[in-house]
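**Q** fold the following for me, if possible:
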Amino acid sequence: MLFTVEHPLGRPDCSPDFIAKQGLVDFAIAIEGAGFDAVAFTEHPAPSRKWLDSGGHRSVD
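**A** Next up, the predicted model:
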């Protein structure tokens, strides 16, 4: 069985340090060290107002 972690990219409570280059590197190293197999990023490049108003998050991808 393989396990994937989704990076919290774009969440309002996500620290800006988390999306900086070193933050991404540190995140990937940490999940690999914890035994996870992959990291995923959101695929919502242009979230709708409805999505944002219902608790959805912006993304930078």
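**Q** for this structure, what's the longest helix?
**A** Criterion DSSP state H: the longest helix present in the chain is helix 21-33.
**Q** give the rounded mean pLDDT of it.
**A** Helix 21-33 comes out with an average pLDDT of 91.
**Q** okay, buried residues for it please.
**A** Residues of helix 21-33 classed as buried by neighbour count (16 or more other Cβ atoms under 10 Å): 27, 31. The C-beta positions use only the backbone N, C-alpha and C, and glycine is treated the same way.
**Q** and the next helix or strand past it?
**A** strand 38-40 (DSSP states H and E).
**Q** what pairs with that next one, parallel or antiparallel?
**A** Paired strands of strand 38-40, with direction, are strand 4-6 (parallel) (DSSP bridges).
**Q** tell me the gap between the partner strand and the middle of its chain.
**A** 8 Å (Cα atoms, centre = their mean, to the nearest Å).
**Q** pLDDT of it, averaged?
**A** Mean predicted confidence for strand 4-6 is 88.
**Q** got it, and stretch 38-52?
**A** Per-residue scores along stretch 38-52 average to 76.
**Q** what's the first-to-last distance across it?
**A** 27 Å (Cα to Cα, to the nearest Å).
**Q** circling back to that earlier point, who are the packing partners of the longest helix of the chain?
**A** helix 16-19, strand 38-40 (3 or more Cβ pairs under 8 Å, 6 or more residues apart in numbering; DSSP states H and E).
**Q** is it possible to get these out as TSV so that each row also shows mean neighbour count and distance to residue 31?
**A** Formatted as TSV, these follow (neighbours: other Cβ atoms under 10 Å; distance: least, Cβ to Cβ, whole Å):
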stretch	mean neighbour count	distance to residue 31
helix 16-19	12	13
strand 38-40	12	6
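**Q** residue 4 is nearest to which of these?
**A** Comparison of those against residue 4 by Cβ to Cβ identifies strand 38-40 as nearest, at 4.3 Å.
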